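S.K.: A predicted structure for the sequence below; I have some questions about it.
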Amino acid sequence: TLTKMLLKHKVTGLAYETIEDKDWLLPLLAPMSEVAGVAAVQFAAEYLQKKYGGCGITLGKIRDVEAARVVIVGGGVAGVSAARTAVGMGARVTILEKRRERVADLKKMFQEKPISVVNTNNCDTARYLRGAHVLIGATLCSGARAEHVISREQVLLTAQGAVIVDISIDQGGCIWGSQGTTHEKPMFMKEGRVYCCVGNIPGQFPLQSTPALTDKTLPYILMVARDGIEQALLKD
């Protein structure tokens, strides 16, 4: 319906999530991914509580007790944001990434942090998923459906009561069992795991999301206003 109305009124639209910069990155999606990464860990921390069916463990560092294990699939902006947040709370974090050049960047980025970065092209991911308390899906396929990268068998390797937060749900989800949820009903149980697959996570954090997005969007708006849409597209 929305697309039909845009066509009817001859509106030219640019999709935020597909605009790329000179390095082929997604500058308008990046701030939203940062918010989503932080929020994913906040969701996980809440739903790990026993009353929700979770493991009954915190993400904090508790003396003489094993720390929670968090596995993040995808080392993009959302994955990095989630990793920093989780390790800051005291969890042990592993990032699974398949792009070799990105693996190198992540290892350099986190060389002084207790974060393991694993190249999934040359290892068995089962050892990292086995017993994990939190699994966060943070993959991204620009302008396309997210690739399913975690199977049912892999999900069942996680701890009973593990929390699964699929940030990629806006693009269909990247983890087996993921189904879109809402802010009103954010979680459901499946195979003994707590799933949280809320679409548009940044919408619940407008006082950070809006200025962050506006800051990145303004230069593009000014370019279109100054040069017109056709010239703006030809120039950039």
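M.R.: Right, received. Where do you want to start?

S.K.: Mind jotting down where the helices sit in this protein?
M.R.: If DSSP state H is used as the criterion, the helices of the chain fall at 2-8, 30-47, 77-89, 100-109, 126-129, 152-155, 206-227, 229-235.

S.K.: Dump those into a markdown table; add mean neighbour count as well.
M.R.: (Each C-beta comes from the backbone N, C-alpha and C, glycine too.) Formatted as a markdown table, the entries for the helices of the chain read as follows, by neighbours: other CB atoms under 10 Å:
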| stretch | mean neighbour count |
| --- | --- |
| helix 2-8 | 9 |
| helix 30-47 | 23 |
| helix 77-89 | 23 |
| helix 100-109 | 15 |
| helix 126-129 | 16 |
| helix 152-155 | 16 |
| helix 206-227 | 13 |
| helix 229-235 | 12 |
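
S.K.: Identify whichever of those helices lies nearest to residue 170.
M.R.: For residue 170, the closest of the helices of the chain is helix 30-47, at 8.8 Å, according to CB to CB.

S.K.: Just want the angle from the closest one to helix 77-89.
M.R.: 40 degrees (axes from the mean of the first three to the mean of the last three CA atoms, to 10 degrees).

S.K.: Go ahead and produce PDB holding the CA coordinates of stretch 205-222.
M.R.: Output in PDB follows, covering the C-alpha atoms of stretch 205-222 (Å, rounded to 0.1, in the frame of the first residue of the first chain):
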ATOM      1  CA  PHE A 205      15.300   4.300  22.100                       C
ATOM      2  CA  PRO A 206      14.300   7.500  20.200                       C
ATOM      3  CA  LEU A 207      16.400   9.900  22.300                       C
ATOM      4  CA  GLN A 208      19.500   8.300  21.000                       C
ATOM      5  CA  SER A 209      18.400   6.800  17.700                       C
ATOM      6  CA  THR A 210      16.900  10.000  16.300                       C
ATOM      7  CA  PRO A 211      19.900  12.400  16.700                       C
ATOM      8  CA  ALA A 212      22.300   9.600  15.700                       C
ATOM      9  CA  LEU A 213      20.300   8.900  12.500                       C
ATOM     10  CA  THR A 214      19.700  12.600  11.700                       C
ATOM     11  CA  ASP A 215      23.400  13.400  12.100                       C
ATOM     12  CA  LYS A 216      24.300  10.900   9.400                       C
ATOM     13  CA  THR A 217      21.300  11.700   7.100                       C
ATOM     14  CA  LEU A 218      21.600  15.500   7.000                       C
ATOM     15  CA  PRO A 219      24.600  15.600   4.500                       C
ATOM     16  CA  TYR A 220      22.600  13.500   2.000                       C
ATOM     17  CA  ILE A 221      19.500  15.700   2.500                       C
ATOM     18  CA  LEU A 222      21.500  18.800   1.900                       C
END
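
S.K.: Could you list the residues in contact with that stretch?
M.R.: 14, 16, 19, 27-28, 30-32, 34-35, 39, 202-203, 232 (CB atoms under 8 Å, 6 or more residues apart in numbering).

S.K.: Once you drop chain neighbours, what's closest to residue 55?
M.R.: residue 161 (3.9 Å; CB to CB, 6 or more residues apart in numbering).

S.K.: And residue 67, how close does it get to residue 222?
M.R.: As judged by CB to CB, to the nearest Å, residue 67 and residue 222 stand 47 Å apart.

S.K.: now do residue 195
M.R.: For residue 195 relative to residue 222 (CB to CB), the value is 41 Å.
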